[in-house]
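Sequence first, predicted coordinates after that:
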Amino acid sequence: MGFRLAITGVAAAFAAASVGGTDVYAQDNEITVETTELGDGIYMLSTGIAGNLGLLVGPDGAVLIDDQLPNTGELIEGAVVEIAGVEAPRFIVNTHYHGDHLGGNAHFAEQGSVIAAHHNIRSRLEATSPVWARPATLPILTFGDDLSFHMNGQTVEVTHLPDAHTDGDAIVYFREADILHMGDIFFSGMFPFIDLSGGGTVDGYIAAMQAAHDMVSDDTQIIPGHGPMSTRADLMRSIDMLRETSFRVRSLVEGGADLDAVRAAEPLADYHDEWNWRFITTERMVETLYNDAISR
C-alpha cells in the first residue's frame, strides 16, 4: 500500500538533514508512504526520508507512534485514513525530540490528537527555536518512567530508557501482539546516530538496546527507528557491533590516542562495508565513539 506527496519547502530541508534520509531530496521530489500490516490492527509506515512509524487501529481509535516531518502531515494523514478510516489519531506518542520523528505534531494536534512524550522531550522543544516550540508542537501529556494505553485489545506499554539516543527516548511495546517499536534506539543494519549533545551516550545506547532485547522473544516483530522490519537476532547484531566498536575506540583513547590518531588507526574498517551509510558514515561513527570516550 502506498501514498504519494510532492515534498516541498520546509519538508525538503528537514528531509535533507533527516537522520533517516537515505537520499537527499530536492524540492520537487515525490515521496510515498509504504505500509506493512503486522497483524492485530498494527502497521509500520515508512517513507525512507524520516523515522518509521507505528500505527494501532481499531474501534477505540488510532494510536500513532511518531509522525515524521513538518510538511508530511497530510501524507501521513492520508495513510491513516486509508487504513483506519479516521483523519486524526486519538493519541500520538513521540519516541524522542528529533524533527524527523515529531515534525508532524502540529498538523495532528490541530485536528485534536493528544501528543504524549517523555518530560525531557517537552523540555527540549521548549528550549529550541520558535518553529519547534510553537504550542501546537508541544506534547500535552508527559510521563517519567512509563505510560500505558489500553486500546483495541492491546496493552501499549511506553517505557523510557535513559541516556541512550537522547535523554528522552521511549520504546513502545504492543504486548498482546508482541510487536516492539524502538524509535532511534535501533538503526537496523546501520551505524546508529547517538546524539551526545541531546543527552545520548554510547553506554546508555547499548544498555537500552540490551534492555529491549531482554524483554522480547525470537518471535517478536521489531520496528526500528530506521531500517527494515527486524528481529531479535538483528537487534543482537547491532548490540554486538556497538560493543565491539566502542571497545576498540576506547582502547585507543585509553592508550593516549587523540582523534587524528584514532582515525589513522581505522578501528572500524572491517565494519565499513556493512554498516556505513549516508548520514552516519564510518568516519562519523568513529568521531562519535571518540567524543563519548573522552567525556567519560
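Noted; the coordinates are in hand. Numbers count the residues shown, from 1 in each chain.

Listing request: residues of this structure with sub-threshold pLDDT.
1-29, 129-134 (pLDDT under 70).

So which residues of it form strands?
For the chain, the strands defined by DSSP state E occupy 2-6, 30-39, 42-46, 53-56, 63-65, 91-93, 114-118, 141-143, 146-151, 154-160, 170-174, 179-181, 221-223.

would CSV of those with mean neighbour count and distance to Ala261 be doable?
Using the backbone N, CA and C atoms, a C-beta is placed for each residue, glycine as well. CSV is the format used below for these (neighbours: other C-beta atoms under 10 Å; distance: least, C-beta to C-beta, whole Å):
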stretch, mean neighbour count, distance to Ala261
strand 2-6, 15, 47
strand 30-39, 16, 42
strand 42-46, 23, 40
strand 53-56, 26, 42
strand 63-65, 29, 42
strand 91-93, 25, 43
strand 114-118, 24, 38
strand 141-143, 16, 44
strand 146-151, 15, 43
strand 154-160, 20, 37
strand 170-174, 25, 37
strand 179-181, 27, 39
strand 221-223, 25, 37
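
Quick check: the closest residue to Thr142 other than its chain neighbours vs Val33, distance?
Nearest residue to Thr142, sequence neighbours excluded (C-beta to C-beta, 6 or more residues apart in numbering): His119, at 4.7 Å. To Val33, His119 is 30 Å away according to C-beta to C-beta, to the nearest Å.

and if you look at Glu274?
Distance from Glu274 to Val33, by C-beta to C-beta: 28 Å.

And the residue nearest to Leu289 when sequence neighbours are not counted, how far from Glu274?
The spatial neighbour of Leu289 that comes closest, neighbours along the chain excluded (C-beta to C-beta, 6+ apart), is Val249 at 3.9 Å. From Val249 across to Glu274, the span is 18 Å (C-beta to C-beta).

The two: which is more packed in?
Applying other C-beta atoms under 10 Å to Val249 and Glu274 shows that Val249 carries more neighbours, namely 26 against 12.

Return the distance of that one relative to Thr155.
40 Å.

now swap in Met44 and tell me
Computed as C-beta to C-beta, the Met44 to Thr155 distance reads 19 Å.

and if you look at Ala88?
From Ala88 across to Thr155, the span is 23 Å (C-beta to C-beta).

Same check on Thr142?
20 Å.

With Gly200 instead?
Taken as C-beta to C-beta, the span from Gly200 to Thr155 is 28 Å.

What is the top helix by length along the chain packed up against?
What stands out as the longest helix in the chain, according to DSSP state H, is helix 232-254. Applying 3 or more C-beta pairs under 8 Å, 6 or more residues apart in numbering; DSSP states H and E, we find helix 232-254 packed against helix 202-215, strand 221-223, helix 259-265, helix 282-294.

same thing but at 6 Å, please
helix 202-215, helix 282-294 (3 or more C-beta pairs under 6 Å, 6 or more residues apart in numbering; DSSP states H and E).

Report the buried residues of the last one.
Neighbour counts over helix 282-294 (16 or more other C-beta atoms under 10 Å) mark 282, 285-293 as buried.

quick one: which of those residues is nearest His96?
Distance to His96, by C-beta to C-beta, is smallest for Thr288 among the buried residues of helix 282-294, at 16.4 Å.

Tell me the spatial nearest neighbour of that closest one, not counting adjacent residues.
Nearest one to Thr288, counting by C-beta to C-beta, 6+ apart, is Ile194 at 5.5 Å.

count of neighbours near the one you found?
The burial count for Ile194: 26, using other C-beta under 10 Å.

if I look at it, how far off is Thr166?
Distance, Ile194 to Thr166, using C-beta to C-beta: 9 Å.

who touches both of these two?
Counting by C-beta atoms under 6 Å, 6 or more residues apart in numbering, the common neighbours of Ile194 and Thr166 are Gly200.
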